[in-house]
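Asker: The following comprises the amino acid sequence and a computationally predicted model.
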Amino acid sequence: MKKLLGIMVLGLLFSGNAYSKTLDEKRSKYIYNNLSFEHIECQHYLIIVSEALRTNDGDPKIIENYVNNAKLVGNVAFQYGFESGMSTEAMLARSKMISDRMLKSLDNNFSNIAVIQLKYSEFCTNLIEKPEMRNQYWINKANKKYK
């Protein structure tokens with residue numbers, strides 16, 4: 001009986017190792033999770049700016065550009081989220097929390113749009129125009145974190 005119990009314990013230990021994540025898997029999840037988060041931030045920034053422009057009778061072409069970029073960035077965010085292992089429900093919850101946080105920082109008043117423009121305008125422009133730079137940033141961070 002002791003021998004059988006010992007074999008079962010060893011079996012559980014070894015099977016635990018078989019299911020543990022490799023360093024590459026941990027790095028990938030870390031990278032994709034952070035990229036997903038940043039893309040969702042930019043998606044909501046772009047949506048809020050487009051709504052601010054719309055309420056102030058902004059140029060329809062500029063508004064359309066913001067909306068199209070928001071859709072593009074949002075799709076990428078969800079792809080990265082799926083790659084990191086997040087469920088759709090978790091990504092939608094994350095999205096809502098980010099949106100709520102941004103609107104709160106504006107005091108729910110588009111006249112305060114400069115608050116988020118200062119924080120996100122340049123960052124999101126770079127994320128869209130030079131995504132490889134941000135990808136490399138997170139790759140470097142993951143490599144340091146998971147040695």
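Answerer: Yes, it's here.
Asker: CA only for contacts and neighbour counts going forward, please
Answerer: Fine.
Asker: confidence score at Ser15?
Answerer: According to the prediction, Ser15 has pLDDT 40.
Asker: Please apply the same query to Val9.
Answerer: Here the pLDDT value assigned to Val9 is 37.
Asker: before we move on, what about the one 10 residues further on?
Answerer: Among the per-residue scores, Tyr19 holds a pLDDT of 41.
Asker: which helices and strands does the strand or helix carrying Ile62 pack with?
Answerer: According to DSSP states H and E, Ile62 maps onto helix 60-83. Applying 3 or more Cα pairs under 8 Å, 6 or more residues apart in numbering; DSSP states H and E, one finds that helix 60-83 contacts helix 23-55, helix 88-105.
Asker: Now the helix or strand following the shortest one - C-alpha only, CSV.
Answerer: Of the helices and strands lying after helix 88-105 in sequence (DSSP H and E), the nearest is helix 114-129. Written as CSV, here are the backbone C-alpha positions of helix 114-129 (Å, rounded to 0.1, in the frame of the first residue of the first chain):
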residue,chain,number,x,y,z
ALA,A,114,-6.8,67.2,-23.2
VAL,A,115,-6.4,65.1,-20.1
ILE,A,116,-6.3,61.9,-22.1
GLN,A,117,-4.8,63.4,-25.2
LEU,A,118,-1.7,64.3,-23.1
LYS,A,119,-1.4,60.7,-21.9
TYR,A,120,-2.4,58.7,-25.0
SER,A,121,-2.1,60.8,-28.3
GLU,A,122,1.6,60.2,-29.0
PHE,A,123,1.7,56.7,-27.5
CYS,A,124,-1.3,55.5,-29.6
THR,A,125,0.1,57.1,-32.7
ASN,A,126,3.3,55.2,-32.3
LEU,A,127,1.5,52.0,-31.4
ILE,A,128,-0.4,52.2,-34.7
GLU,A,129,2.4,53.5,-36.9
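Asker: Helix 114-129 vs helix 60-83, what angle?
Answerer: 70 degrees (axes from the mean of the first three to the mean of the last three Cα atoms, to 10 degrees).
Asker: So what's the gap between the helix or strand just after helix 114-129 and the chain middle?
Answerer: Using DSSP H and E, the next helix or strand after helix 114-129 towards the C-terminus is helix 131-145. Its chain's average C-alpha position is 14 Å from that of helix 131-145, according to Cα atoms, centre = their mean, to the nearest Å.
Asker: Sweet, I'm off.
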